[in-house]
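Engineer: Below are the sequence and a predicted model; questions follow.
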Amino acid sequence: MMTDSDMTCEAFDAALPDYLEGTMDVSMRASVERHLRECVRCTGLVRDLENITKEAASLPDLVPSRDLWAGIEARIAAPVIALGAAPARPRKLAPAWMAIAAAALIVSTAGITYTLTARTIRTNGVAPATSTIAEAPPSAVTSETTTVPAEPAGSIEAGNPVSSGVSRLAQNGAAPTSRRGVQATLASQTQPETSPSEAIYGKQIELLQNVVQQRKAQLDPATVAIIERNLQIIDAAIEQSKAALRRDPASRMLSEQLNHTLDKKVELLRTAAMLPAST
Amino acid sequence: MMAASNAMPVTVGDSTDVALAAAGDRQAFERLYRTHANRVYSLCARMSGSRSKGEELTQDVFVRTWEKLPQFRGESAFSTWLHRLAVNVVLNARKTEGKQTSRTEENEEEGDRWDESARAPMYIERMDLADAIAKLPAGARKVFVLHDVEGFKHEEIAQLMGITSGGSKAQLHRARLLLREALER
C-alpha cells in the first residue's frame, strides 16, 4: 500500500528491523513514522512486534519438573578414572634449580665413591685409585662390616633419624658404583649399627631432602602433601625391613628388601627435587 | 555485556559459596545450584525448545560449572559467568547433536522451517509466547531467546554463535514475525 509518505508497505517491512532496533538515521525514521501514521496494517505489525519483545523480556523463570541436584551430585562425586597416563610434557626448569639438582647428584655420586674407596683401603691396607675400584673384577673388592653413623631420613619437613640396621656388602660381590649396585650379603659376624649401603643411601637422601626442603615453597601444596605421604609410607617400610633384619641379620632377602626400599626413597626425593615450580 | 534488566541476580552469599565450592565444598555448590537453577533451566529449556532437554542441559551446565569453578577469577559476577557458560553448553550441545541430525533437521538448523509438528514438548492447548518460542526454527529461537529474553546484544550473539551481527539481526526479526504469526492463530 502506498501512502502520502511515499513509502510502500514493502519498503516499510524492509526498514522495520532497523526501526525496531533504533539503528535508523533520522530522515529515514521520519519517513517510517509518517508511513505508520497513515497505514493501519504496518501500525498493527509494529505494535505486535513491540509487545512480543516486551513480553519476552518479562517471561518468568521456568521451574524444572524434578529436582536435578541428585543427578548433578552423582556426576560430580564420581571419581575420575584415568584412561591412561598422559605422556610427560617436558617442562623447563629454572637454571638455578637445575644447578642445585646437578650439584646434589655430583656430590652424592662422589660420596658413594669416596665411601667405597675408603672402606676398601681400610680392608686391604692398600690405596687403590678410585677408578681401580670401579674397574676391578669382583674378586678384587672385599669388604667387612663397617660402622658408620646413622643418616637422617623421614619427611620433607624434618629429617628423622633412621634407626640402625644391619647390612653388609657381599664378600665376592661387585663393588657398588650405583645405588642399585649395593648388595647385602649373609653375615654372621658382628652387627654394625648402620650398614655401608645405608650410609651411602643416607648421604644421598640427606642431600636430596635439603634440595626438596628448599624447593617446597615453590611446589604445589597438594603435590608436597602427596610426596610427604609417600615418604611416610616408604619410611615405615624401611623401619619394618630394619626390624626384620635385626631379628634375622643373615637374611639376604631382607637385606635386599631394605636396599630396594631405600632406593625407592632416593628415587622419590630425586623426582621431587626435579619437579617444576607450580604456576 | 548483558542488558542490565535481564542480568542474572547477584546473590549476596554467592562469593563465599563460590570460593567454598571452588575448593571442593559440595554443600556450597548445592547452595549455588539452588540459587541459580531456575534461571539456568529457563535458558536451557527455551534455547533447546524442550523442557526435558532443558533439564538434561541444566545438569550438564552445573557439572561443567563444578569443573570450571577453580578457573573462575571473579572478574565478572558469578551469575554472569554462569550464564555465559550455560549458553556455551547449550550451543555446544546443539553442535554435537547437529553432527548426528538427519538431513531434515539440518534444513531446520538453517532456519528454513517453521516447526508445526508434534515435536514441541511444551505444547499446551492455548498457544502462548513460551509455546510459540519452542516451535521456532532452531537458529531463530536461539537468537530470539538470547536477545529478547536474556538481553544479549547482537555482537555478543554473533560471537557466541559464530555468525555475523547482521545475521543475528535478521534471525531476530524473522523470529518475531514467526511468533506474531503463531500468536495470531
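Structural biologist: Noted; the coordinates are in hand.
Engineer: Nearest the geometric middle of chain B, what residue?
Structural biologist: B:Leu43 (3.7 Å; C-alpha atoms, centre = their mean).
Engineer: what about the closest residue to that one other than its chain neighbours, how many residues close to it?
Structural biologist: Nearest non-adjacent residue to B:Leu43, counting by C-beta to C-beta, 6 or more residues apart in numbering or on different chains: B:Ala86, 5.3 Å away. (C-beta placed from N, C-alpha, C; glycine too.) Residues contacting B:Ala86 under the criterion other C-beta atoms under 10 Å in any protein chain shown number 27.
Engineer: next one: B:Tyr33
Structural biologist: Neighbourhood size, B:Tyr33 [other C-beta under 10 Å]: 24.
Engineer: what does chain B put close to chain A?
Structural biologist: Within chain B, the positions adjacent to chain A are B:5-6, B:26, B:29-30, B:33-34, B:37-39, B:41-42, B:45-46, B:51, B:54-55, B:58-59, B:62-63, B:66, B:129-130, B:133, B:144, B:148-149, B:151, B:169-170, B:172-173, B:176-177, B:179-180, B:183-184 by C-beta under 8 Å from any C-beta of the partner chain.
Engineer: What's the PyMOL line that selects buried ones from these?
Structural biologist: The PyMOL command for the buried members of those (criterion: 16 or more other C-beta atoms under 10 Å in any protein chain shown) is given here:
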select buried, chain B and resi 6+29+30+33+37+39+41+42+45+46+51+54+55+58+59+62+63+66+129+130+133+144+148+149+151+169+170+172+173+176+177+179+180+183
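Engineer: Which members of the residues of chain B next to chain A are positioned in strands?
Structural biologist: Using DSSP state E, no member of these sits in strands.
Engineer: can you pull the contacts of A:Glu21?
Structural biologist: By C-beta atoms under 8 Å, 6 or more residues apart in numbering or on different chains, the residues touching A:Glu21 are B:Lys169.
Engineer: go again using 10 Å as the cut-off
Structural biologist: Counting by C-beta atoms under 10 Å, 6 or more residues apart in numbering or on different chains, A:Glu21 touches B:147, B:154, B:169, B:172-173.
Engineer: Any chance of CSV for these, columns pLDDT?
Structural biologist: Shown next, in CSV, are these (pLDDT from 0 to 100):
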residue, pLDDT
B:His147, 96
B:His154, 95
B:Lys169, 94
B:Leu172, 96
B:His173, 95
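Engineer: Give me the below-cutoff pLDDT ranges for chain B.
Structural biologist: For chain B, the stretches flagged by pLDDT under 70 are B:1-13, B:94-127, B:185.
Engineer: which residues of it fall in helices?
Structural biologist: Using DSSP state H, the helices of chain B run over B:14-22, B:26-48, B:51-68, B:78-100, B:103-109, B:129-134, B:138-144, B:154-161, B:165-184.
Engineer: now, of those, which is deepest in the fold?
Structural biologist: Ranked by mean neighbour count under mean count of other C-beta atoms under 10 Å in any protein chain shown, those are led by helix B:138-144, which reaches a mean of 25.
Engineer: Return the alpha-carbon coordinates of that one using CSV.
Structural biologist: The C-alpha coordinates for helix B:138-144 follow below in CSV (Å, rounded to 0.1, in the frame of the first residue of the first chain):
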residue,chain,number,x,y,z
ALA,B,138,16.4,-23.6,16.0
GLY,B,139,18.5,-20.7,14.7
ALA,B,140,15.8,-18.1,15.1
ARG,B,141,14.9,-19.5,18.5
LYS,B,142,18.4,-19.2,19.9
VAL,B,143,18.8,-15.7,18.7
PHE,B,144,15.4,-14.6,20.0
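Engineer: Looks like the residue nearest to the centre of chain B contacts B:His83 (just checking).
Structural biologist: Yes: assessed by C-beta atoms under 10 Å, B:Leu43 is found in contact with B:His83 at 7.1 Å.
Engineer: how does chain B divide into domains?
Structural biologist: Following automatic domain parsing, chain B resolves into domains at B:11-100, B:114-185.
Engineer: Would you format those as JSON lines with distance to A:Glu256 included?
Structural biologist: Formatted as JSON lines, the domains of chain B follow (distance: least, C-beta to C-beta, whole Å):
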{"stretch": "domain B:11-100", "distance to A:Glu256": "42"}
{"stretch": "domain B:114-185", "distance to A:Glu256": "63"}
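Engineer: what's the closest of those domains to A:Met28?
Structural biologist: domain B:114-185 (15.9 Å; C-beta to C-beta).
Engineer: Off-centre distance for the closest one?
Structural biologist: How far domain B:114-185 lies from its chain's middle: 11 Å, per C-alpha atoms, centre = their mean, to the nearest Å.
Engineer: and A:Ile76, how many neighbours?
Structural biologist: Considering only other C-beta under 10 Å, A:Ile76 is surrounded by 17 other residues.
Engineer: what residues are up against it?
Structural biologist: Counted by C-beta under 10 Å, 6+ apart, A:Ile76 has contacts B:21, B:24, B:26, B:29-30, B:62-63, B:65-67.
Engineer: how about 7 Å then?
Structural biologist: B:26, B:63, B:66 (C-beta atoms under 7 Å, 6 or more residues apart in numbering or on different chains).
Engineer: That one should be in a helix, yeah?
Structural biologist: Yes: counting by DSSP: H, G, I helix; E, B strand; the rest coil, A:Ile76 is located in a helix.
Engineer: any idea of the pLDDT on it?
Structural biologist: You'll see A:Ile76 listed with a pLDDT of 90.
Engineer: ok, it to A:Leu62 distance?
Structural biologist: 23 Å (C-beta to C-beta, to the nearest Å).
Engineer: what does A:Val40 give?
Structural biologist: 36 Å.
Engineer: higher neighbour count, those two?
Structural biologist: Neighbour comparison, A:Val40 and A:Leu62: the larger count goes to A:Leu62, with 18 against 9 (by other C-beta under 10 Å).
Engineer: how would you label that one: helix, strand or coil?
Structural biologist: The local conformation at A:Leu62, judged by three-state DSSP, is coil.
Engineer: in the stretch 151-279 of chain A, what residue is nearest chain B?
Structural biologist: A:Ala222 (11.1 Å; C-beta to the nearest C-beta).
Engineer: okay, now that residue: neighbour count?
Structural biologist: 9.
Engineer: Which strands or helices does the host helix or strand of it pack on?
Structural biologist: In the assignment (DSSP states H and E), A:Ala222 maps to helix A:221-247. Applying 3 or more C-beta pairs under 7 Å, 6 or more residues apart in numbering or on different chains; DSSP states H and E, one finds that helix A:221-247 makes contact with helix A:252-274.
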